[in-house]
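Participant: Fold the following.
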Amino acid sequence: MGGIAMNHIVEEAVGRIEELEKKAPEGKHIVTGDIRRLSAALFRKVPDKDIEKVFALCEELLEQRSWALGVIAFDFAYRVKNQYQESTYDVFFRWLKDYVRGWGDCDDFCTHAFGELLRQKKSLFAKVITWTEDPDFWVRRASAVILIPSIMREDYDGIEPFVISDRLMNHEHDLVQKGYGWMLKALSQTDRCAVEEYLTVNHTRMPRTAYRYALEKFDRETRDRLMKLS
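Facilitator: Model (predicted):
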């Protein structure tokens, strides 16, 4: 019975997304907020919220290769965060490799479900470091973006953001540069002095794209001073 209900949820998700697409103004995409509201409503209908059952449902949604259904899948995965184990990493990393294909999916997944897993299980940071050498650019971006939830909650003991930015420093892909710049921007809100010092030391090495992203949350005086260095 549980399996049938799960299939019905996927079918309903597909149908409701199609309805949202039809209602969207011409030339416009579905609003992400509408997808998240739909996801919340659908999750309430999931009869068995055991993590393995929910992940099986997420997999069905991801297999549709739809951006909107992917948002729902990653949201469902986040909603069972109280059941995460270290072994959850293997599932999430496979999803990152198999189903994520761009910066949007990467950021959604890594600033919610995957980022929360790292916050809970900080020993996984050793694995995240290896992502900086992954052949897929979105995985390299993810190595920085996944740190943001821990940083923003000031819960990152054992996680070393500057190790990631050092390893990505001169990466040629602008989305990777923006990713670690964003991470440094988040860090500047919790450890301003450390980021200011890091930018001062590395201003000649860091690509301008990453550097400018990292500066965005500084006060104007500090931002102007650091900009003059680059």
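
Participant: Looking at the protein, which helix is longest?
Facilitator: For the chain, the longest helix by residue count, based on DSSP state H, is helix 2-23.

Participant: buried ones in it?
Facilitator: The neighbour-count criterion (16 or more other CB atoms under 10 Å) identifies 6, 9-10, 13, 16-17, 20 as the buried residues of helix 2-23. In this view, the C-beta of every residue, glycine as well, is placed from N, C-alpha and C.

Participant: wait, which of those is closest to F74?
Facilitator: Out of these, the one with the shortest distance to F74 is A13. That distance is 12.9 Å, counting by CB to CB.

Participant: Is that closest one in contact with L42, as I believe?
Facilitator: Yes. Under the criterion of CB atoms under 8 Å, A13 is in contact with L42, at a separation of 5.8 Å.

Participant: Residues that sit against both of the two, list them.
Facilitator: Both A13 and L42 are contacted by I72, under the criterion CB atoms under 8 Å, 6 or more residues apart in numbering.

Participant: coming back round to it: right, and the pair among the buried residues of helix 2-23 with maximum separation?
Facilitator: Maximum pairwise distance in the buried residues of helix 2-23, criterion CB to CB, is 21.3 Å, between M6 and L20.

Participant: returning to that earlier point: tell me the gap between the longest helix of the chain and the middle of its chain.
Facilitator: Between the centre of helix 2-23 and the centre of its chain there are 24 Å (CA atoms, centre = their mean, to the nearest Å).

Participant: Spit out the contact partners of R205.
Facilitator: Counting by CB under 8 Å, 6+ apart, R205 makes contact with 169-170.

Participant: How is it assigned, secondary-structure-wise?
Facilitator: Of the three states, R205 takes coil according to DSSP: H, G, I helix; E, B strand; the rest coil.

Participant: distance of it from E216?
Facilitator: As for R205, its distance to E216 is 19 Å (criterion: CB to CB, to the nearest Å).
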